[in-house]
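Chemist: No sequence on hand, only this structure:
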């Protein structure tokens, strides 16, 4: 248990040091929000989403639970509760060597860059993506402008600039490391150049 708690703290610290704004839920390191920028070169660019992260008791042996608190229009994200359909977040496919930075630097941006309409959680979005890509992108932009304005999330990102004091995780599979860095939130109230200061800013008592 102690080693698992240490891993949770370490992964959270790395996430903050990589430039992500984190909002803690209570005093535990197991539940928190991460502010996630829409990746560049996608119809999500310019939006900011509040993403909830729940780390199970036996993390990293089991995958974290990831859901979008801010509404998002995407074939693989449930519109009602923001649950994400992503293979890597299935316990059968999860690897304990994976971490939160990899999820937010690579896997979530890749999901937004490359939706999988064959395994939908939002069937309307999947059908529109298959039948009319231009209409799909227009719908995404309209939805994002309505629900995911930076001011609504409480942040003002500098779109197009990489965020944070840490380096981007090397992308695994499709995607570009520089584009992954751009998906981070530039204005970080819970991230600093020091891991200890980051935890202090995030109001985490370790």
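Modeler: Okay, I see it. Source: prediction; values computed, not measured.
Chemist: ok, the most centrally placed residue in the chain to residue 142 distance?
Modeler: With the centre of the chain defined as its mean C-alpha position, the nearest residue by Cα atoms, centre = their mean is residue 104, 4.3 Å away. Separation of residue 104 from residue 142 (Cβ to Cβ, to the nearest Å): 25 Å. Just so you know, the C-beta spots here come from the backbone N, C-alpha and C atoms, and that holds for glycine as well.
Chemist: which secondary structure elements does the strand or helix carrying residue 53 contact?
Modeler: Per DSSP states H and E: residue 53 is located in strand 48-54. Counting contacts by 3 or more Cβ pairs under 8 Å, 6 or more residues apart in numbering; DSSP states H and E, strand 48-54 packs against strand 31-37, strand 65-68, helix 150-153.
Chemist: most neighbours per residue, which of these?
Modeler: Most buried of the helices and strands packed on strand 48-54 by mean neighbour count (mean count of other Cβ atoms under 10 Å) is strand 31-37; its value is a mean of 23.
Chemist: which other helices and strands contact that one?
Modeler: Judged by 3+ Cβ pairs under 8 Å, 6+ apart, strand 31-37 is in contact with strand 22-24, strand 48-54.
Chemist: let's go with 10 Å and repeat that
Modeler: Other helices and strands packing on strand 31-37, by 3 or more Cβ pairs under 10 Å, 6 or more residues apart in numbering; DSSP states H and E, are helix 2-17, strand 22-24, strand 48-54, strand 65-68, helix 108-113, helix 150-153.
Chemist: Please identify the residue most distant from the middle of the protein.
Modeler: residue 131 (27.4 Å).
Chemist: coming back round to it: out of the helices and strands packed on strand 31-37, which is closest to residue 76?
Modeler: Among the helices and strands packed on strand 31-37, the nearest to residue 76 by Cβ to Cβ is helix 108-113 (6.1 Å).
Chemist: Check the offset of that closest one from the chain's centre.
Modeler: 9 Å (Cα atoms, centre = their mean, to the nearest Å).
Chemist: circling back to that earlier point, verify the contact between the residue nearest to the centre of the chain and residue 21 for me.
Modeler: No: Residue 104 lies out of contact with residue 21 (Cβ atoms under 10 Å); the separation is 11.1 Å.
Chemist: where do the helices sit along this structure?
Modeler: 2-17, 100-102, 108-113, 123-131, 133-147, 150-153, 177-182, 195-201 (DSSP state H).
Chemist: helices and strands around the shortest one, which ones?
Modeler: Using 3+ Cβ pairs under 10 Å, 6+ apart, the elements in contact with helix 100-102 are helix 2-17.
Chemist: May I see the buried residues of stretch 141-152?
Modeler: Residues 141, 143, 144, 147, 148, 150 are the ones in stretch 141-152 that count as buried (16 or more other Cβ atoms under 10 Å).
Chemist: now those residues as JSON lines including pLDDT?
Modeler: Listed next are the buried residues of stretch 141-152 as JSON lines, based on pLDDT from 0 to 100:
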{"residue": "141", "pLDDT": "98"}
{"residue": "143", "pLDDT": "97"}
{"residue": "144", "pLDDT": "97"}
{"residue": "147", "pLDDT": "96"}
{"residue": "148", "pLDDT": "96"}
{"residue": "150", "pLDDT": "86"}
